[in-house]
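[1] Output the structure for:
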Amino acid sequence: MATSAPTGYDSFIAGFLDKVESAVYLLVSIFLVIMAIMTLFIVGKDLARFLFEPFSLETLVLALNDLLVTLIIAELIQTVVVYFKSHQLELKLILAAGLTAMIRRVLVFGVEPNITWEEMAITALLILIITVAIYLVGEKKVKFERE
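    Purely as a prediction, here's the structure:
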């Protein structure tokens, strides 16, 4: 089946959907920036508690947990920035955010009382898979081209 050249109507729809996509990415960006600012305040509060209260391993783990959430948000913001600049998704950034999330999960294992060995094994397997994927992907980018 042969494809026909886009009509004016098709171009209008494609342009409209392109604008909707850009608007969605803009809203996501704004939301991520707000979340990053909020998590920085939480990390600051954790730091103050860590410095001015007696040492507690739980306080340290919670502070690291909050800091890693901030890093995940920063990586997602960076992914959106790269997409806006080049209309490409950098797979390495997305995988790095996933790896940070998995490492955060491992830290949380220390404070959650009911973690099963299956959950720990799945998390370890996911960390291994994401690490191998980051190595294999290298600097590859996914480009979304419009015809």
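[2] State the mean pLDDT of stretch 37-52.
    Throughout stretch 37-52, pLDDT has a mean value of 91.
[3] For it, buried residues please.
    Within stretch 37-52, the residues scored as buried using 16 or more other CB atoms under 10 Å are Thr39, Ile42, Val43, Asp46. Heads up, the C-betas are built off the backbone N, CA and C, glycines and all.
[4] Please apply the same query to stretch 59-68.
    Leu62, Ala63, Leu64, Asn65, Asp66, Leu67, Leu68.
[5] Restricted to helices, list the buried residues of stretch 37-52.
    Of the positions in these, Thr39, Ile42, Val43, Asp46 sit in helices, assigned by DSSP state H.
[6] Would you map the helices across the protein?
    8-52, 57-86, 91-109, 117-137.
[7] from what I can see Arg105 touches Thr123, true?
    Yes. Contact status for Arg105 versus Thr123: in contact at 5.3 Å, counting by CB atoms under 8 Å.
[8] Low-confidence bits of this structure, can you list those?
    When residues are selected by pLDDT under 70, those of the chain lie in 1-7, 110-112, 139-147.
[9] Now with 80, please.
    1-9, 87-89, 107-115, 138-147 (pLDDT under 80).
[10] ok, back up a step: could you dump the buried residues of stretch 37-52 into JSON lines with distance to Thr116 added?
    Output for the buried residues of stretch 37-52, formatted as JSON lines (distance: CB to CB, whole Å):
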{"residue": "Thr39", "distance to Thr116": "29"}
{"residue": "Ile42", "distance to Thr116": "29"}
{"residue": "Val43", "distance to Thr116": "30"}
{"residue": "Asp46", "distance to Thr116": "28"}
